[in-house]
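Chemist: this is the structure alone, sequence omitted:
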Ligand SMILES: NC(=O)C1=CN([C@@H]2O[C@H](COP(=O)(O)OP(=O)(O)OC[C@H]3O[C@@H](n4cnc5c(N)ncnc54)[C@H](OP(=O)(O)O)[C@@H]3O)[C@@H](O)[C@H]2O)[C@@H](O)CC1
Ligand SMILES: Nc1ncnc2c1ncn2[C@@H]1O[C@H](COP(=O)(O)OP(=O)(O)OP(=O)(O)O)[C@@H](O)[C@H]1O
């Protein structure tokens, strides 16, 4: 915004708002400023000070712009004053008459006499063309930020009229003339063209003044209009550029996807046809963007919940342990033991058969002690962490990376390597919490991987967005920003958590606004990511017709967000303000039944 204001100021040199002008007059009217101006031949340092004080009030103006504005105000004031003296009507034509009157009436008599003599002289010899030209030149100077007579003595501020006034031993006319010789021939009565004289000879001063003020206002209006058009054109150009960048990123994502999407994983009963097939040689066309908003209880919600249901494997006596899901959690360090536990136990409660936690050595006994149901591997900070964990990858159906991982360099490096190896096996990967920190640092670790799902909260989302787009997030339109980020990440599925959970793969969008509660205890996100690990495995293992062609990641994400919110609602109903994530986990069973099995 500040840069924008600067740009505007640079181009709108002579367009001052009333507020700005009043601030300037307050400063300019201060005793020390007036004294400095009265007593000094050179005034540039005084206007530097004025500009600085103006800046402190939030108005960005150059000393030159301040000086020229004051000069123009003084001219208007004296013209109005003189007009007033004659017939009283000009007073209202100088908007800041009263302020100017207050300030200038305090100035020394000598100064006022000098000024008055200039103004009065101007009345007699006023040349409309010369005056307008000068104003336009000032406007131009403001715009360029330059002024050819910036260092001129203070008394030479008023020679808009052709009468030379001797001040401080210098002729203001000759000074002005020298700076304007190229564009504005000296406007003495002798050198002015006769045509002009004839034209205005019979015009009364009142008329001339009116005409001049009209023209000034017209010029100002024109300038505003042109400036607005220019800014609009610029906005449009920037928007087009931005959309081109997005298209480029999308193409890169598709190309990347073409390179990195592995052949179907042998162990995960994958559904290759569910993975959007991309052909990098096909020219990019912006996909139609379909938004579907769902909230539980509405008819439309019912059209996605059945898709989730269809992906849920039936409970039969024909299956053996592990077939309904073996989920791996990468996370858990000295500080954070709760997060990986919440994720892992949620996966089990949703219906996975086995839940593994790969954590640091010191976190393992703590996590183990929370629950005997979890399988805990104290390997994440070991010397062969990646190899140790890779041994398990063929047995895992999905991976949740990040809950309680921490941000230690070595742990992030191991997590990155594990993601790379899981990708080679086509394992669905959910990235949450500190895993998203890693992605913000190195987006390529997951970019374009069609079985990757990111689950950022708003903070994590902002970090990711800014890392990808190199510009601040526009927080007014979450859906649009989520779509942009998903596209930039190569159509990765993104779950932006919040008041409503926004789920998008850049082409389609679902929003889950199932009623939860006002309780925001830590760990709810871990419940979501752990359960999503299971839903993702189920969705990717289902036949394509189960999801009716919809991206399995979207269906899985919708299932997990609905469930998390339903748990929150139910737990809150029982525990109100005391609700914790453990209470929510207790509700998984009945919330699941209510949503997907009733
Ligand atoms: N029991 C456990 O073991 C748990 C462990 N956990 C683990 O902790 C690790 C760090 O995760 P993290 O989320 O605290 O870290 P990070 O992203 O730096 O956020 C820090 C700051 O961001 C802000 N903020 C947060 N959300 C926001 C929002 N929606 N909208 C806006 N702002 C938001 C907020 O700033 P504040 O409001 O305090 O100024 C907050 O302080 C990670 O491994 C995770 O898994 C958790 O899972 C909880 C249970
Ligand atoms: N403002 C909200 N209104 C209603 N529900 C919300 C709101 N914010 C979050 N939630 C619910 O909580 C879930 C987790 O979101 P949250 O922002 O707490 O994640 P998180 O910060 O990653 O969690 P964690 O505490 O595990 O780090 C969301 O999926 C959503 O269901």
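Modeler: Now that the structure is in, tell me what you want to look at. Predicted model only: the values in this text are computed from it and were never measured. Numbering: from 1, shown residues only. Ligands and ions are numbered 1, 2, ... in the order given.
Chemist: wait, doesn't residue 497 sit right on residue 436?
Modeler: No: applying Cβ atoms under 8 Å as the test, residue 497 and residue 436 come out as separate, 11.3 Å apart. C-beta: built from backbone N, CA, C; applies to glycine.
Chemist: anything in contact with each of the two?
Modeler: By the contact definition Cβ atoms under 8 Å, 6 or more residues apart in numbering, residue 497 and residue 436 are jointly contacted by 455, 456.
Chemist: excluding sequence neighbours, find me the nearest residue to residue 386.
Modeler: With sequence-adjacent residues excluded and distances taken as Cβ to Cβ, 6 or more residues apart in numbering, residue 386 is closest to residue 417, at 4.5 Å.
Chemist: typo on my end, residue 547
Modeler: Residue 547's closest residue in space is residue 555 (Cβ to Cβ, 6+ apart), at 4.8 Å.
Chemist: so what secondary structure elements neighbour the helix or strand where the one you found lies?
Modeler: When elements are assigned from DSSP states H and E, residue 555 belongs to helix 552-575. Applying 3 or more Cβ pairs under 8 Å, 6 or more residues apart in numbering; DSSP states H and E, one finds that helix 552-575 contacts helix 305-311, strand 452-454, strand 493-496, strand 501-504, strand 508-512, helix 524-541, helix 581-586, helix 588-592.
Chemist: over to residue 366. Which of the three states is it?
Modeler: Assigned state for residue 366: helix (three-state reduction, DSSP: H, G, I helix; E, B strand; the rest coil).
Chemist: if I look at it, how far off is residue 357?
Modeler: From residue 366 across to residue 357, the span is 11 Å (Cβ to Cβ, to the nearest Å).
Chemist: out of these two, which sits in the busier spot?
Modeler: Taking neighbours as other Cβ atoms under 10 Å, residue 366 and residue 357 compare with residue 357 leading, 31 against 15.
Chemist: how about the contacts made by the residue of the stretch 251-400 of the chain found nearest ligand 2?
Modeler: Here the residue of the stretch 251-400 of the chain nearest ligand 2 is residue 339; by Cβ to the nearest ligand atom that distance is 6.1 Å. Contacts for residue 339 were tallied using Cβ under 8 Å, 6+ apart; they are 331, 332, 403, 404, 433, 523, 526.
Chemist: gap between the closest residue to ligand 2 within the stretch 101-250 of the chain and residue 485?
Modeler: Nearest residue of the stretch 101-250 of the chain to ligand 2 (Cβ to the nearest ligand atom) works out as residue 249 at 25.5 Å. According to Cβ to Cβ, residue 249 stands 10 Å off from residue 485.
Chemist: what sits in contact with each of those two?
Modeler: Residues within reach of residue 249 and of residue 485 at once, by Cβ under 8 Å, 6+ apart, are residue 468.
Chemist: returning to that earlier point: among the contacts of residue 339, which ones lie close to ligand 2?
Modeler: Among the contacts of residue 339, the residues lying close to ligand 2 (Cβ under 6 Å from any ligand atom) are 433, 523, 526.
Chemist: ligand 1 next: which of those residues are close?
Modeler: Among those, proximity to ligand 1 is found for 433, 523, 526 (Cβ under 6 Å from any ligand atom).
Chemist: what sits against the last one?
Modeler: Spelled out, that is residue 526. 338, 339, 340, 342, 343, 346, 403, 404, 432, 433, 581.
Chemist: which pLDDT does the model give the closest residue to ligand 1 within the stretch 101-250 of the chain?
Modeler: Here the stretch 101-250 of the chain gets closest to ligand 1 at one residue, residue 249, 24.3 Å apart by Cβ to the nearest ligand atom. Residue 249 is assigned 75 on the pLDDT scale.
Chemist: and what of residue 139?
Modeler: pLDDT, read off for residue 139, is 36.
Chemist: same deal with residue 72?
Modeler: At residue 72, the pLDDT value in this model is 86.
Chemist: and for residue 222?
Modeler: Taking residue 222 on its own, its pLDDT is 78.
Chemist: how about residue 307?
Modeler: pLDDT recorded at residue 307 is 96.
Chemist: then residue 76?
Modeler: What the model reports as pLDDT for residue 76 is 85.
Chemist: so what's the residue of the stretch 101-250 of the chain closest to ligand 2 up against?
Modeler: When contacts are counted by Cβ under 8 Å, 6+ apart, residue 249 is found next to 468, 487, 488.
Chemist: A helix includes it, no?
Modeler: Yes: counting by three-state DSSP, residue 249 is part of a helix.
Chemist: burial count for residue 246?
Modeler: Residues contacting residue 246 under the criterion other Cβ under 10 Å number 17.
Chemist: looking at it, it is touching residue 486, isn't it?
Modeler: No: look at residue 246 against residue 486 with Cβ under 8 Å: they stay out of range, at 10.8 Å.
Chemist: what is the neighbour count of residue 404?
Modeler: Using other Cβ under 10 Å, residue 404 has 29 neighbouring residues.
Chemist: and it, that one's in a strand?
Modeler: No: counting by three-state DSSP, residue 404 is not part of a strand but coil.
Chemist: pretty sure it is touching residue 433, no?
Modeler: Yes: between residue 404 and residue 433 there is a contact under Cβ under 8 Å: 7.1 Å.
Chemist: would you list the contacts of residue 526 in CSV and tack on pLDDT?
Modeler: Shown next, in CSV, are these (pLDDT from 0 to 100):
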residue, pLDDT
338, 98
339, 98
340, 98
342, 98
343, 98
346, 98
403, 98
404, 98
432, 98
433, 98
581, 98
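Chemist: ok and the residue in this structure nearest ligand 2?
Modeler: Ranking the residues of the chain by distance to ligand 2 (Cβ to the nearest ligand atom) places residue 525 first, at 2.4 Å.
Chemist: any buried residues in stretch 311-329, and which?
Modeler: Residues 311, 312, 324, 325, 326, 327, 328, 329 are the ones in stretch 311-329 that count as buried (16 or more other Cβ atoms under 10 Å).
Chemist: sorry, wrong one. I was asking about stretch 492-507.
Modeler: Burial within stretch 492-507, assessed by neighbour count using 16+ other Cβ under 10 Å, is assigned to 492-497, 500-507.
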